[in-house]
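Enquirer: only geometry, no sequence info:
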């Protein structure tokens with residue numbers, strides 16, 4: 001194989017492995033899967049997440065406790081992603097949109113960016129340092145009226161329950177549809 005092509009393929013594989021860490025973090029946070037989120041960080045990582053700067057363990061524990069106490073569901077969407085890889089170091093920026101439906105209003109819509117430093121150790125990419133840049137928070141006192149109609153419309157059958165643990169449908173193997181065709 002051509003050296004340039006091999007280098008490009010290695011970079012694509014690294015970039016995909018790093019993107020997988022970003023997606024795994026978002027999924028783990030939304031499912032309240034501590035092991036999944038924790039697996040994204042090196043033991044000596046520092047997370048600078050709004051009002052907290054320190055180890056990922058404390059951040060995860062406090063975040064999960066707050067989510068269990070006050071919210072119904074949360075959703076982290078990640079989008080624009082840039083990544084500069086230099087050997088075993090990577091510097092990334094990922095845009096996020098967070099929606100938190102709380103037990104009691106207000107609900108939260110937040111948008112911002114994750115600024116990440118990842119390191120590859122023993123062939124594995126994980127966060128070494130993470131800074132969350134919150135660009136704007138919106139307090140929502142009620143759901144939009146069309147969301148209520150859609151969420152309450154059961155003409156097509158009951159809505160699938162979303163759980164924030166390993167009983168969630170996304171962990172089921174194989175996935176079994178509710179209604180046979």
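Expert: Good, I have the coordinates. Worth saying up front: this structure is predicted, and the values here are computed from it rather than measured.

Enquirer: from now on I want contacts and neighbour counts done on CA atoms only, so please keep to that.
Expert: Fine.

Enquirer: leaving out the residues flanking it, which one is nearest to the residue nearest the centre of the chain?
Expert: Central residue of the chain (Cα atoms, centre = their mean): residue 26, 0.9 Å from the mean position. Closest residue to residue 26 apart from its sequence neighbours, by Cα to Cα, 6 or more residues apart in numbering: residue 76 at 5.7 Å.

Enquirer: the residue nearest to the centre of the chain should be in a strand, yeah?
Expert: No - read with DSSP: H, G, I helix; E, B strand; the rest coil, residue 26 is helix and lies in no strand.

Enquirer: please name the bridge partners of residue 92.
Expert: Counting by DSSP bridges, residue 92 is bridged to residue 83, residue 116.

Enquirer: does it really touch residue 113, like I thought?
Expert: No - using Cα atoms under 8 Å, residue 92 makes no contact with residue 113, being 9.9 Å away.

Enquirer: the residue nearest to residue 26 against residue 97, yeah?
Expert: Yes - Residue 76 is within contact range of residue 97, at 5.8 Å (criterion: Cα under 8 Å).

Enquirer: ok so, going back, give me the number of residues near the residue nearest to residue 26?
Expert: Here the count is done by other Cα atoms under 10 Å, and residue 76 has 19 residues near it.

Enquirer: now residue 166
Expert: Residue 166 is flanked by 12 other residues according to other Cα under 10 Å.

Enquirer: where does the protein have low pLDDT?
Expert: 142-160, 175-181 (pLDDT under 70).

Enquirer: all strands of it, in order?
Expert: Along the chain, the stretches classed as strands by DSSP state E are 41-49, 52-54, 71-86, 89-102, 107-121, 124-140.
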